[in-house]
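Enquirer: Quick check, what structure comes out for this input:
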Amino acid sequence: MVRTMMVDSGYTGQNFANEISSLTSAKVIVVKRNELHQFSVIP
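Expert: So this is what the prediction gives:
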């Protein structure tokens, strides 16, 4: 079961978050780039 979905800034917007929430009951978190442009997941 997916509880949290981390996405990049291309998937922003309340409509996107609402649709994901209704389909999967998952919370959407937009991960922003840091200065070095490296992606890391922080639990």
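Enquirer: quick one: the helices in this protein?
Expert: Along the chain, the stretches classed as helices by DSSP state H are 14-24.
Enquirer: where does it have low pLDDT?
Expert: Across the chain, residues meeting the criterion (pLDDT under 70) sit at 33-38.
Enquirer: how near is the nearest residue to F16 once chain neighbours are set aside to I42?
Expert: For F16, ignoring the flanking residues on the chain, the nearest one in space by Cβ to Cβ, 6 or more residues apart in numbering is V28 at 6.9 Å. Every residue, glycine included, has its C-beta placed from N, CA and C. Per Cβ to Cβ, to the nearest Å, V28 is found 16 Å from I42.
Enquirer: More neighbours: which of those two?
Expert: Using other Cβ atoms under 10 Å, the more surrounded residue of V28 and I42 is V28, with 19 against 5.
Enquirer: Now do the same contact list for the more buried one.
Expert: Applying Cβ atoms under 8 Å, 6 or more residues apart in numbering to V28 gives the contacts T4, M5, V7, Y11, F16, A17, I20, S21.
Enquirer: Now the buried members of these.
Expert: Buried members of the contacts of V28, counted by 16 or more other Cβ atoms under 10 Å: A17, I20.
Enquirer: Report the two of the contacts of V28 separated the most.
Expert: The largest separation in the contacts of V28, counting by Cβ to Cβ, is between T4 and F16 at 14.5 Å.
Enquirer: Residues in a beta bridge with the residue nearest to F16, which ones?
Expert: For V28, the beta-bridge partners under DSSP bridges are M5.
Enquirer: ok, V41 - how many residues close by?
Expert: 6.
Enquirer: hmm, back to that, ok, of the contacts of V28, which one's closest to K32?
Expert: Closest to K32, out of all of those and judged by Cβ to Cβ, is V7, at 10.8 Å.
Enquirer: Isn't the closest one up against V31?
Expert: Yes: V7 is within contact range of V31, at 6.9 Å (criterion: Cβ atoms under 8 Å).
Enquirer: looking at it, M5 is touching V30, isn't it?
Expert: No: assessed by Cβ under 8 Å, M5 is found out of contact with V30, at 9.9 Å.
Enquirer: who touches V30 in this structure?
Expert: Neighbouring residues of V30 by Cβ under 8 Å, 6+ apart: M6, V7, D8, S9, Y11, T12.
Enquirer: Perfect, that will be all.
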